[in-house]
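Student: Got a predicted structure plus its sequence, pasted below:
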Amino acid sequence: MRHIMEEKARIQEVQAESRTRNAIADRLIEKWSKKKGLNLDGGKFEKIYESNPRKARNLAIVLENQEKYLKTLTETQISNAFQGTPQTVIKVIRLGYPNSVRGELFTEYAMTTMKDTMFKIETVYDKTKRGATINNVMYESAADRYASEIERVTVTATATDTFTGTLAVVPARPYTVRLLLNGYPVASDNGSGILVGSVLHATTPSTINYTSGAYSIVFATALTTADAFTLEWSHNSEVYSLYGEQGQVNIRLVPYDFRATPHPIGFSWSKMTELLMNDQLGVDGQEVFISAGADELKKSLDFQAIGLANQASHWTTAVTFDTDWAAAGSDSDFAHTQSVVKALRNASQKTYNAIMRGGEATSYICGPKAATYLTGHKGYVADTSMPAVGAYKFGTLNGIPLYQVPSDVVATDEILCVYKNNKEEANDSAIVTGSYIPLYQTQTLEYNYFLKETAIAFFGDMRINEGRYVTKVKLANLPA
């Protein structure tokens, strides 16, 4: 009981911390919405919030973290490192972060310190009773009698017709005793301690003592060793000695610790390129940096997360779908393409069979040829709202978002089926990413052979939360 009270107090504490964190993030949204020149004003931040509150809050926190980091640098350090102003750096974050798709596919968590903790709430069984096992997650168990009085015992038969024994949990309620032979109900009690059924002996009664639990079952025909019978009954939970048999569930917090580490990427360019941009092409080098930095930030964030999800998908084998319509006996390629949704659902059913949720994917991540193949399905609707850079959304299939990535991230003929619990407070997805400082850049070095170099690093952490939320479909015999 003390443990339960402590866990309850901790949950209340975490919930209070979450409310406080959200309140702080909401104030930061108001602050950053007023910043000029960052494309955050004019209600755009509010639009992000309306469509995805978690993403808006995360963006506000990482912008605040980035600003705090920049305040520790001198103007000279900022100019040398970023080839621009602090506003330039913040603008890169603004452009790159919301266009990242990993927050749509997985859980994005904005870290408030270099070492931060996210909590997932799980409901677990408190006892091993009636098909349930203590500490197992409730929604991952097929136990159907835990919240009941129904008890069950299975007896492996021998080559005889008479069986005796004692029910473990008594007293039993009259009219609740049932006998199942090889899974089929064949007899029940009459309320007076007698079992009645056509498979039982006609003259020698089969009996049950409700108080002691002693039973004697006499079959009309001897069973064989291939048979098994089950006795099912309800105990009387109103008897004080059986109060401990009542099922109970506990709420526990599962902590996920994040430790921010750098994920660096280097850049280099020649002085000639810089001169051509500024003088010949009339292009502002700073604006090019903003665009390139934002795209690189988005791409690297997404590829890391999707690559980790691809690794997680190997917990089970891929579902194969043969795209050769003639071999499959279909009337046409178009007709056969409509069947691919069955393979996609079969892949997601692997998740459901393993953990009893996630039976319908919330997104599909496609290699290039797989993406092209899905455009031939009648349920495909194109979506051009995102630039075709890195990982991007290119449409929906029967309402489920479709994303494309290069074949180096997901094989060209493969599709990742990803499930995510989209409740904001759930933190229940395949991958969880913690972001602290989205963009850290070293000072720019200029060499005597007219080459400049710098490096960008993302400070954060990434981990597999529930790898079984990712399964895979492989498309065989795709056209060249």
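Tutor: The structure has been received and is ready for your questions.
Student: okay, CA-based contacts and neighbour counts for the rest of this
Tutor: Fine.
Student: measure Ser234 to Gly191 for me?
Tutor: Distance of Ser234 to Gly191, given as CA to CA, to the nearest Å: 13 Å.
Student: Verify the stated contact: Leu301 with Arg102.
Tutor: Yes. Assessed by CA atoms under 8 Å, Leu301 is found in contact with Arg102 at 7.3 Å.
Student: Next up, the contacts around Thr123.
Tutor: 137-139, 249-252 (CA atoms under 8 Å, 6 or more residues apart in numbering).
Student: repeat that for 7 Å
Tutor: 137-138, 249-252 (CA atoms under 7 Å, 6 or more residues apart in numbering).
Student: Hmm, Val170 is touching His235, no?
Tutor: Yes. The criterion here is CA atoms under 7 Å, and Val170 meets it with His235 at 5.6 Å.
Student: what stretches of the stretch 101-250 of the chain score poorly on pLDDT?
Tutor: Across the stretch 101-250 of the chain, nothing is flagged by pLDDT under 70.
Student: Show me where the stretch 151-300 of the chain has its strands.
Tutor: 162-166, 178-181, 184-189, 194-196, 206-208, 214-218, 228-234, 249-259, 261-270 (DSSP state E, counting those that start in this stretch).
Student: And the contacts of Thr123, which two are furthest apart?
Tutor: Met138 and Arg252 (11.4 Å; CA to CA).
Student: contacting residues for the spatially most central residue of the chain?
Tutor: Closest residue to the average C-alpha location of the chain: Ser429 at 1.9 Å, with CA atoms, centre = their mean. Listed by CA under 7 Å, 6+ apart, the contact partners of Ser429 are 106-107, 419-421, 465-466, 469.
Student: which one of those residues has the most neighbours?
Tutor: Tyr469 (31 neighbours; other CA atoms under 10 Å).
Student: Let me see the contact set for that one.
Tutor: Shown in contact with Tyr469 (CA under 7 Å, 6+ apart): 351, 358, 418-419, 429-430.
Student: so how far is Lys350 from it?
Tutor: Counting by CA to CA, the separation of Tyr469 from Lys350 is 9 Å.
Student: go on, Gly191?
Tutor: Per CA to CA, Gly191 is found 44 Å from Lys350.
Student: Equivalent analysis for Val101, please.
Tutor: In terms of CA to CA, Val101 sits 24 Å off from Lys350.
Student: so who does the closest residue to Leu374 other than its chain neighbours touch?
Tutor: Of all residues not flanking Leu374 in the chain, Tyr380 sits nearest, at 7.0 Å (CA to CA, 6 or more residues apart in numbering). Counting by CA under 7 Å, 6+ apart, Tyr380 touches 395-398.
Student: Please check these and keep the buried ones.
Tutor: Listed as buried from the contacts of Tyr380 are 395-397; burial here means 16 or more other CA atoms under 10 Å.
Student: Looking at the residues you listed, which are in helices?
Tutor: Among the buried ones among the contacts of Tyr380, no member is found in helices (DSSP state H).
Student: Inside strands: which ones of the residues you listed?
Tutor: 395-397 (DSSP state E).
Student: now those in JSON lines, with distance to Tyr447 and pLDDT?
Tutor: Output for those, formatted as JSON lines (distance: CA to CA, whole Å; pLDDT from 0 to 100):
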{"residue": "Gly395", "distance to Tyr447": "45", "pLDDT": "96"}
{"residue": "Thr396", "distance to Tyr447": "48", "pLDDT": "97"}
{"residue": "Leu397", "distance to Tyr447": "51", "pLDDT": "97"}
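Student: Low-confidence ranges, the stretch 351-480 of the chain, go.
Tutor: Applying pLDDT under 70 to the stretch 351-480 of the chain flags the ranges 423-427, 437-445, 449, 452-458.
Student: Enumerate the helices of it by residue range, in sequence order.
Tutor: 368-374 (DSSP state H, counting those that start in this stretch).
Student: Could you list which residues are in contact with Ile217?
Tutor: Applying CA under 7 Å, 6+ apart, the residues near Ile217 are 162-164, 206-207.
Student: what do you get if the cut-off is 6 Å, keeping everything else the same?
Tutor: Ile217 makes contacts with 162-163, 206, as judged by CA atoms under 6 Å, 6 or more residues apart in numbering.
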